[in-house]
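Undergrad: okay, here's the prediction I keep looking at, along with the sequence it came from:
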Amino acid sequence: MRRFSWFNTTSLTLGFAFLYLPMILLVVYSFNESRLVTVWAGFSTKWYGELLRDQAFLDAAWVTVKVAVFSSTLATVLGTMAAYVLVRAGRFSGRTLFSGMIYAPLVMPEVITGLSLLLLFIGLNIDRGVFTIVLAHTTFAMCYVSVVVSSRLTSFDRSLEEAALDLGCSAFEAFRLVTLPIIAPAVISGWLLAFTLSLDDLVIASFTTGPSATTLPIKIFSAVRLGVSPQINALSTLMIAVVTVGVVAASIITKRAAVSQARDEQAAIRAE
Amino acid sequence: MRRFVLIAVPYLWLLALFLVPFLIVLKISLSDVALARPPYMPQLDLTQGLDGLLTFFSDLDFENFVFLSTDSLYWQAYLSSLQIAVVSTLLTLCVGYPIAYGMARAPREWRPTLLMLVILPFWTSFLIRVYSWMGILSTEGVLNQVLLFLGVIDTPLQIMNTKTAVYIGIVYTYLPFMILPIYSALEKLDESLLEAAEDLGCSRMEAFWLITWPLSRNGIIAGCFLVFIPAIGEFVIPSLLGGSDTLMIGKVLWEEFFSNRDWPVASAVAVILLLILIIPIVLFQRNEQKQREAEG
């Protein structure tokens, strides 16, 4: 039985304090009565009320969610296709370029991605707004999705797919009935990743949006440039709460799915 | 046919929305500023056929790059981005290594929880995590209040709007990228090696430097690249936590584009930033490749 040594306990305590204290302080000060964020003047939820009455914030939140849902869904479809091509399609001309284009956006600085897409949209004379942000977010998020999904595709047993084909499935049926259920956890986490990336993105959205669409990060950024504001603290607290609940719920669900899958596999082995 | 569609859809998408836009940046970086919309010259006019193409190419030049190399602002911005990225990568390593080490040495049943605690901030908005330091580091911020209260300092420290604040911001936001690869390297470490070293008379410190550190090297290298590469082009952190004198190239590009409306220069800045990034990216790929070969 292992225990924590004092050195490890200290480094973990200090490390997690460093990771979490700033966010805890942010949450605490969102309940501060005073507008001066640094002076504690008593408990109050008035900033939340003010936030929910602020139409500009509500509009921005709606735009953000719309963009995130569309772009992450599109990115999941395209990213899964790309992963399938990378892992299964074998050789085709231009494969190196293809895999290069999948990996390059992952390391490309956001300012460059944003700038290049904006120049494209201007060149094509496309009106900038929700549509162009969706295109931009889909493009960089599909690369993340395809990395997540392809790592799952590489690790899975191809003989299952071959068995389905031998038993008379068409290639598409084999994909739908065998491959997709197996890679589903990776596809779901890819979608979640794409969703949060889109929700989070300031730089690319700032470049590719027009006057008609302001996302939440753009709104937050322009507000906090002037300094700390209790309203932004309240908004941040809400966002942290949503993410925490989401991540914890997702991890519980995947844990359960893993347990039940292990049980099924055990049962299958015993049945043999 | 079906295979063709499967390949063509994501391929064309990436060509149209990744490669072509990048070629446009390259092209505009070789163009001249014009007071029109779009504000650059020359424009490709395909209706004139081959002649149009020829005049188009003959009008492109490296003027913007010459301009960048003569203006010390850009030199300083590139150098200071590199310096900030190097320093903050090393700082992140110093902060992250003990945490990864503590996690890998924690009781087995604790590890998934600790891992989730490291990943959770990564899912939280980057912008919010940077913003959370504004309330801590400002002159009337929490940190100064605590230090004043404890009597450690008499006058508030000016941390906000300095390079120090940028370092703190980068270390804080990129810490998970450093911890995770080091943790996965340390977790695989065979502990009987350490026991053997101690049996053979190594002190614990020696055993760490002779065994643990070299065996976690791949994780350290991966973590450093994962912090260093995005840190160079960082925009949000220097513009929220850094001052007007904290030059970083991401911020310069943003200002060239949005404030000065000089698209050709902004594009040239982007091209050079990418050239700088190619070296660490190639090195990182090689390291990953080596690791995969060693494992596979």
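TA: Yes, it's here. Residues are numbered from 1 along each chain as shown, chains lettered A, B, ... in the order given.

Undergrad: going forward, measure contacts between C-alpha atoms and count neighbours the same way
TA: OK.

Undergrad: which residues of the chain score low on pLDDT?
TA: Using chain A here. Across chain A, the stretches falling below the confidence threshold (pLDDT under 70) are A:1-3, A:37-38, A:272.

Undergrad: my bad, chain B
TA: Residue ranges of chain B with pLDDT under 70: B:1, B:33-39, B:41, B:43-55, B:57-58, B:296.

Undergrad: now do the strands in it.
TA: Counting by DSSP state E, one finds strands in chain B at the ranges B:32-33, B:40-41.

Undergrad: check whether stretch A:233-243 contacts chain B.
TA: Yes. Contact check for stretch A:233-243 against chain B, using C-alpha under 8 Å from any C-alpha of the partner chain: residues in range are A:236, A:239-240, A:243.

Undergrad: also stretch A:92-99?
TA: Yes. Part of stretch A:92-99 sits close enough to chain B to count as contact by C-alpha under 8 Å from any C-alpha, namely A:F98.

Undergrad: only the buried residues of that stretch, if you could.
TA: Using 16 or more other C-alpha atoms under 10 Å in any protein chain shown as the test for burial, stretch A:92-99 gives A:95, A:98-99.

Undergrad: could you give the number of residues near the one residue in the stretch 101-250 of chain A that gets nearest to chain B?
TA: Closest approach between the stretch 101-250 of chain A and chain B, counting by C-alpha to the nearest C-alpha: A:S116, at 4.8 Å. Other residues near A:S116 number 27, with proximity taken as other C-alpha atoms under 10 Å in any protein chain shown.

Undergrad: what about the closest residue to it other than its chain neighbours, neighbour count?
TA: Leaving out its chain neighbours, the residue that sits closest to A:S116 by C-alpha to C-alpha, 6 or more residues apart in numbering or on different chains is B:P21, at 4.8 Å. For B:P21, the tally of surrounding residues (other C-alpha under 10 Å) stands at 24.

Undergrad: check which helices and strands the lengthiest helix in chain A sits against.
TA: The residue-count maximum for a helix in chain A (DSSP state H) belongs to helix A:230-271. With contacts defined as 3 or more C-alpha pairs under 8 Å, 6 or more residues apart in numbering or on different chains; DSSP states H and E, the packing partners of helix A:230-271 are helix A:6-29, helix A:46-53, helix A:216-224, helix B:111-123.

Undergrad: want to throw those helices into a markdown table with mean neighbour count?
TA: Listed next are the helices and strands packed on helix A:230-271 as a markdown table, based on neighbours: other C-alpha atoms under 10 Å in any protein chain shown:
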| stretch | mean neighbour count |
| --- | --- |
| helix A:6-29 | 18 |
| helix A:46-53 | 16 |
| helix A:216-224 | 18 |
| helix B:111-123 | 17 |
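
Undergrad: out of the ones you listed, the one nearest B:Y11 is which?
TA: With C-alpha to C-alpha as the criterion, B:Y11 lies closest to helix B:111-123 of the helices and strands packed on helix A:230-271, at 28.7 Å.

Undergrad: other SSEs contacting the closest one?
TA: For helix B:111-123, the elements it packs on are helix A:6-29, helix A:230-271, helix B:72-104, helix B:163-187, judged by 3+ C-alpha pairs under 8 Å, 6+ apart.

Undergrad: how distant is the second one from the center of its chain?
TA: Just to be clear, that refers to helix A:230-271. Taking C-alpha atoms, centre = their mean, to the nearest Å, one finds the center of helix A:230-271 at 14 Å from the center of the full chain.

Undergrad: next, the angle from that helix to helix A:6-29.
TA: Angular relation of helix A:230-271 and helix A:6-29 on a 0 to 180 degree scale: 130 degrees, by axes from the mean of the first three to the mean of the last three C-alpha atoms, to 10 degrees.

Undergrad: residue 142: how many residues sit nearby?
TA: Answering for chain A, as no chain was given. By the criterion of other C-alpha under 10 Å, A:M142 has 32 neighbours.

Undergrad: to clarify, I was referring to chain B.
TA: Burial of B:V142, expressed as a neighbour count using other C-alpha under 10 Å, amounts to 20.

Undergrad: so for it, what's the nearest residue that isn't a sequence neighbour?
TA: Nearest non-adjacent residue to B:V142, counting by C-alpha to C-alpha, 6+ apart: B:I136, 4.7 Å away.

Undergrad: please tell me how far A:V148 sits from B:R217.
TA: As judged by C-alpha to C-alpha, to the nearest Å, A:V148 and B:R217 stand 24 Å apart.

Undergrad: revised request: answer the last question for A:A250.
TA: With distances defined as C-alpha to C-alpha, the gap from A:A250 to B:R217 amounts to 32 Å.

Undergrad: where does the stretch 51-200 of chain B get nearest to chain A, residue-wise?
TA: For the stretch 51-200 of chain B, C-alpha to the nearest C-alpha, closest residue to chain A: B:G102, 4.4 Å.
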